[in-house]
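> I would like the atomic coordinates for the input below:
(4 chains)
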Number of protein chains: 2
Amino acid sequence: MRQRIESGYWRQGDKISTIEELEKEFGMARVTIRQAIEILREEGLLAARQGRGTFVLELPKEKHWFNLANDLESHAEKVRDNLLRIVNIQEAAPLPVIHDDEGSPASGYTHIRSVQYNDDGPFSVVNLYLSSEIYSRDKKRFTRQPALPRILEMKDIKIRHAFQTVTIGVAGLETSELLKVGLGEPTADSRLVLVDDAGVVIYVAEFHYHRNCFSLRRDLLGGSKAGRAPRRRNV
Amino acid sequence: MRQRIESGYWRQGDKISTIEELEKEFGMARVTIRQAIEILREEGLLAARQGRGTFVLELPKEKHWFNLANDLESHAEKVRDNLLRIVNIQEAAPLPVIHDDEGSPASGYTHIRSVQYNDDGPFSVVNLYLSSEIYSRDKKRFTRQPALPRILEMKDIKIRHAFQTVTIGVAGLETSELLKVGLGEPTADSRLVLVDDAGVVIYVAEFHYHRNCFSLRRDLLGGSKAGRAPRRRNV
DNA sequence: CTCAATTTGTTCGTATGTATG
DNA sequence: ACATACATACGAACAAATTGA
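Residues are numbered from 1 along each chain as shown, chains lettered A, B, ... in the order given. So this is what the prediction gives:
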């Protein structure tokens, strides 16, 4: 029923199907349907009036405010001033998973696990494997600020590829606790792999975004940078 | 536990924590942990040996084989020969949701709801709103084949924008039945809006992909078309 | 070889939440 | 409001296999 409201199948002000119709449509018992309506009523989406029917009050507010950037520069710019909390650092970490076609592994990696916050709470959990050589250049900053802008600032490092893979994952035990979502809830997972001009993988990050924050907007014509104005703000 | 295997926290051949340790880690009872292990054992991911421990047998096979294209041409090419089953066509459909910054609505739309199949079953449910003018040019083909390649073939139509928005949604009642997933399971939702050179929105499609199929790969440097070789195949 | 510690396997009764009619 | 059914989770006890001192 929530999906029907969000998708516009039921529009604002509409009278939705009666409970008896819904019983048949969803194949559930009257009590169960009423429980569902009760939940949406408390959220302010529906209003039920005895003898008249049930009506759509308002559309849920726009979520998906975190719009993923479409190029590396603006991605770095967005996260530059993010608040993050380091959960764990492991200097001699096991090698991250690197596929053959991505590049060759560096000699060693430091594993940094952190949580990114905004005013509403955590919106992203990050597992970062950073080439030990780069990490050791400025340990202090890497433990306080997002790594990506720091790396782009290093003049001697030329980045040849920035492979990004976006998939849908599920929150495991650790991630769900850090992101404050239920175990098994879906997350938007973005894997970012930076390869330098020697073909060495210097940075592997797995971002787990809260599904309600995440969106990716682009214009499939005229380059990837187009994209319209963001609905709320960028981070 | 599945996530720990997929993420590499437990590697192939490793002995995982004992049931008693897992009880404490996950805060669950012995029987529950065993049920979970049993599920992964049946899937062939784990092997439990009495008196010795439980071991990781193999990594789950690569899923995410459907890689979303990064430009309109190749997107159309990918779907050109897809098998699709029309579920519903409504010629005088209510206007789709169009945002102000996208363009102005056409005079009327035809709503086409279809399911896309591959050998393994349905992998995508599509809600398409097609400008009635364009639909009426070749009703037969639009009810049999994907619309996008047909539109690109029409020489008199110049497409100025192809706005794509990717988010994570949940399968509602209809979608979950068509996609053969559970109610409330997450889906990858891609909204594609085509705007012609007069600023008219001629095409609005919502794709709901099965979460296990979906991935989006690109290189954030050197244009959006880069991307590595797909792991299995493209559709 | 034996014994104790470790670890998985099995079973019992019980409680809770959800859905049914 | 009530009786029923079902899936899931709990806690405890005991059985069986493995390992190493």
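
> Helix, strand or coil: sort out the closest residue to DNA strand D within chain A for me.
Residue nearest to DNA strand D within chain A: A:Val31 (6.1 Å; C-beta to the nearest atom of the strand). In this view, the C-beta of every residue, glycine as well, is placed from N, C-alpha and C. Here A:Val31 is recorded as helix under DSSP: H, G, I helix; E, B strand; the rest coil.

> you'd agree A:Leu128 is up against A:His111?
Yes: between A:Leu128 and A:His111 there is a contact under C-beta atoms under 8 Å: 7.2 Å.

> In terms of packing, which of these two has more residues around it?
A:Leu128 (24 against 18; other C-beta atoms under 10 Å in any protein chain shown).

> now the helices for chain A?
Remark: helices assigned in chain A by DSSP state H are A:2-6, A:19-26, A:30-42, A:72-79, A:132-135, A:139-142, A:147-153, A:173-179.

> Which of the ones you listed has the lowest mean pLDDT?
Among the helices of chain A, helix A:2-6 has the lowest mean pLDDT, at a mean of 82.

> The residue of chain A closest to DNA strand D and B:Gly172: what is the separation?
21 Å (C-beta to C-beta, to the nearest Å).

> Neighbour count: these two, which is higher?
When neighbours are counted by other C-beta under 10 Å, B:Gly172 comes out ahead of the other of A:Val31 and B:Gly172, with 21 against 9.

> re the thing from before, can I get the helices of chain A in TSV including distance to B:Arg49?
Shown next, in TSV, are the helices of chain A (distance: least, C-beta to C-beta, whole Å):
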stretch	distance to B:Arg49
helix A:2-6	45
helix A:19-26	45
helix A:30-42	43
helix A:72-79	46
helix A:132-135	37
helix A:139-142	42
helix A:147-153	42
helix A:173-179	24
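
> nearest to B:Phe207, of those?
helix A:2-6 (15.1 Å; C-beta to C-beta).

> Is the closest one positioned near chain B?
Yes: interface with chain B: helix A:2-6 contributes A:2-4 (C-beta under 8 Å from any C-beta of the partner chain).

> In terms of secondary structure, what does that helix contact?
Secondary-structure packing of helix A:2-6 (3 or more C-beta pairs under 8 Å, 6 or more residues apart in numbering or on different chains; DSSP states H and E): helix B:173-179.

> Give the buried residues for the helix it packs on.
The neighbour-count check on helix B:173-179 (16 or more other C-beta atoms under 10 Å in any protein chain shown) flags B:173-176, B:178-179 as buried.

> closest to chain A among the residues you listed?
B:Leu173 (6.1 Å; C-beta to the nearest C-beta).

> so what's A:Gly121 bridging to?
Counting by DSSP bridges, A:Gly121 is bridged to A:Asn118.

> Let me know whether it touches A:Val181 as I believe.
No: assessed by C-beta under 8 Å, A:Gly121 is found out of contact with A:Val181, at 10.2 Å.

> what about those two, which has more around it?
A:Val181 (20 against 10).

> what's the closest residue to the more buried one other than its chain neighbours in contact with, if anything?
In this structure, A:Val181 finds its nearest non-sequential neighbour in A:Ala171, 5.4 Å apart by C-beta to C-beta, 6 or more residues apart in numbering or on different chains. Shown in contact with A:Ala171 (C-beta atoms under 8 Å, 6 or more residues apart in numbering or on different chains): A:179, A:181-187, A:208, B:3.

> Could you give the backbone dihedrals for A:Lys180?
phi 60, psi 50 (degrees, to the nearest 10).

> Surely it touches A:Gly121?
Yes: using C-beta under 8 Å, A:Lys180 is in contact with A:Gly121, at 6.0 Å.

> re the thing from before, so can I have TSV of the contacts of A:Ala171 showing distance to A:Lys24?
As requested, these are exported to TSV (distance: C-beta to C-beta, whole Å):
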residue	distance to A:Lys24
A:Leu179	38
A:Val181	33
A:Gly182	30
A:Leu183	33
A:Gly184	30
A:Glu185	30
A:Pro186	29
A:Thr187	35
A:His208	39
B:Gln3	38
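
> Quick check: A:Leu178 touching A:Val87?
Yes: distance between A:Leu178 and A:Val87: 6.6 Å, which falls inside the contact criterion (C-beta under 8 Å).

> so what sits against both of these two?
A:Val115.

> show me what contacts the residue in chain A that DNA strand C sits nearest to?
Taking C-beta to the nearest atom of the strand as the measure, chain A has A:Ala29 as its residue closest to DNA strand C, at 2.8 Å. Contacts for A:Ala29 (C-beta under 8 Å, 6+ apart) come out as A:Glu23.

> That one and A:Gln35, how far apart?
Counting by C-beta to C-beta - A:Ala29 and A:Gln35 are separated by 10 Å.

> most centrally placed residue in chain A?
By C-alpha atoms, centre = their mean, chain A has its centre lying nearest to A:Tyr209, at 2.2 Å.

> residues in contact with that residue?
A:66, A:123-124, A:187-190 are the contacts of A:Tyr209 under C-beta under 8 Å, 6+ apart.

> in the sheet, who's paired with it?
If you apply DSSP bridges, the partners that A:Tyr209 bridges to are A:Ser124, A:Ala188.

> Mind pulling up the pLDDT for it?
Value for A:Tyr209, per-residue pLDDT: 95.

> ok, and for stretch A:42-55, which residues are buried?
Applying 16+ other C-beta under 10 Å to stretch A:42-55 flags A:45-46, A:54 as buried.

> do stretch A:57-76 as well
Buried, per 16+ other C-beta under 10 Å, within stretch A:57-76: A:63-72, A:75-76.

> Among these, which pair sits farthest apart?
Pairwise distances across the buried residues of stretch A:57-76 peak at 25.9 Å for A:Lys63 and A:Leu72 (criterion: C-beta to C-beta).

> Would stretch A:52-65 count as contacting chain B?
Yes: Stretch A:52-65 lies within reach of chain B by C-beta under 8 Å from any C-beta, at A:His64.

> Same question for stretch A:137-156.
No: if you take C-beta under 8 Å from any C-beta as the test, stretch A:137-156 misses chain B, and the best it gets is 10.5 Å.

> how much space is there between A:Glu177 and A:Ile16?
Distance from A:Glu177 to A:Ile16, by C-beta to C-beta: 37 Å.

> just A:His210 next, same as before
Distance from A:His210 to A:Ile16, by C-beta to C-beta: 29 Å.

> Compare the two (neighbour count), which wins?
A:His210 (23 against 20).

> For the closest residue to A:Glu133 other than its chain neighbours, give me its contacts.
For A:Glu133, ignoring the flanking residues on the chain, the nearest one in space by C-beta to C-beta, 6+ apart is A:Ala106 at 6.8 Å. For A:Ala106, the contact set (C-beta under 8 Å, 6+ apart) comprises A:131-133, A:200-202.

> Please apply the same query to A:Leu179.
By C-beta under 8 Å, 6+ apart, the neighbours of A:Leu179 are A:115, A:122-125, A:171, A:187, A:208, A:210.

> go with 6 Å
By C-beta atoms under 6 Å, 6 or more residues apart in numbering or on different chains, the residues touching A:Leu179 are A:122, A:125, A:210.

> Repeat that for A:Val195.
So A:Val195 contacts A:103, A:160-161, A:201 (C-beta under 6 Å, 6+ apart).

> Counting neighbours, what do you get for A:Pro146?
Neighbours of A:Pro146 (other C-beta under 10 Å): 22.

> Which pLDDT value belongs to it?
In this prediction A:Pro146 is given a pLDDT of 93.
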